[in-house]
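Peer 1: next come a sequence and a model predicted from it.
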Amino acid sequence: MSFTGHCACGAVSATISAHEPVAVRQCWCRQCQQAAAGGCTNNAVFPAEAVAIAGTLGSFSYVAPSGNTLTQFFCPACGTGVMAQSSGRMHLRTVRLGFLDPGHGLEPDAVIWTDDAPAWAQIDQRAASFAGQPPAPGQPAQ
């Protein structure tokens, strides 16, 4: 299976050639809460070479609590979040599940930065949980 994605207005699209993501994570860090209007973000992590974007992306960068520079990419026309890129994991792209076309069948296998989650957050107990920065996808937990 490969994946495709489109923003709300159709100006940005993606084709992802990976058959499955490296990881699927739900993130409750403060930056993701800001990007998601108070909730979490839900993201599929893919090898960078598998993600092909068509269209013009807007971006903004900041130093995340992990110490890495995180760049968020979005459609400048409609604001749809597309993906993120960490300076500490340049070989990976973190694609927003809401950007992917329906029918992708992905759900988070880990919930991260749970210490930043608001008291009302519903943390999926079926998923692995990390209070802060988790190990890189594919790396064992310490």
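Peer 2: Arrived safely, thanks for sending. Numbering: from 1, shown residues only.

Peer 1: what about residue 106, how many residues close to it?
Peer 2: When counting by other CB atoms under 10 Å, one arrives at 15 neighbours for residue 106. C-betas here are computed from N, CA, C, even on glycine.

Peer 1: could you pull up the residues touching it?
Peer 2: Taking CB atoms under 8 Å, 6 or more residues apart in numbering, we find residue 106 in contact with 21, 24, 44, 97, 100.

Peer 1: kindly recompute the last result at 7 Å.
Peer 2: Each residue near residue 106 by CB atoms under 7 Å, 6 or more residues apart in numbering is listed here: 21, 24, 44, 97.

Peer 1: got it, and residue 108?
Peer 2: For residue 108, the contacting residues are 24-26, 42, 124, 127, by CB under 7 Å, 6+ apart.

Peer 1: nearest to residue 137, of these?
Peer 2: residue 25 (8.0 Å; CB to CB).

Peer 1: mind listing the strands the helix or strand where the closest one lies pairs with, and their directions?
Peer 2: Assigned by DSSP states H and E, residue 25 falls within strand 23-27. Within its sheet, strand 23-27 is paired with strand 41-47 (antiparallel), strand 110-112 (parallel), according to DSSP bridges.

Peer 1: please convert those to JSON lines, extending it with mean neighbour count, distance to residue 64 and mean pLDDT.
Peer 2: As requested, the strands paired with strand 23-27 are arranged in JSON lines below (neighbours: other CB atoms under 10 Å; distance: least, CB to CB, whole Å; pLDDT from 0 to 100):
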{"stretch": "strand 41-47", "mean neighbour count": "22", "distance to residue 64": "13", "mean pLDDT": "96"}
{"stretch": "strand 110-112", "mean neighbour count": "23", "distance to residue 64": "12", "mean pLDDT": "95"}
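
Peer 1: where exactly do the strands run in the protein?
Peer 2: Shown for the chain, the strands assigned by DSSP state E span residues 3-6, 13-16, 23-27, 41-47, 51-54, 58-63, 69-74, 81-86, 92-96, 110-112, 128-129.

Peer 1: between those, which one is closest to residue 136.
Peer 2: Taking CB to CB as the criterion, residue 136 comes closest to strand 92-96 out of these, the separation being 8.0 Å.

Peer 1: the closest one packs against which elements?
Peer 2: The contact analysis (3 or more CB pairs under 7 Å, 6 or more residues apart in numbering; DSSP states H and E) places strand 92-96 against strand 41-47, strand 81-86.

Peer 1: with that, I have no additional questions.
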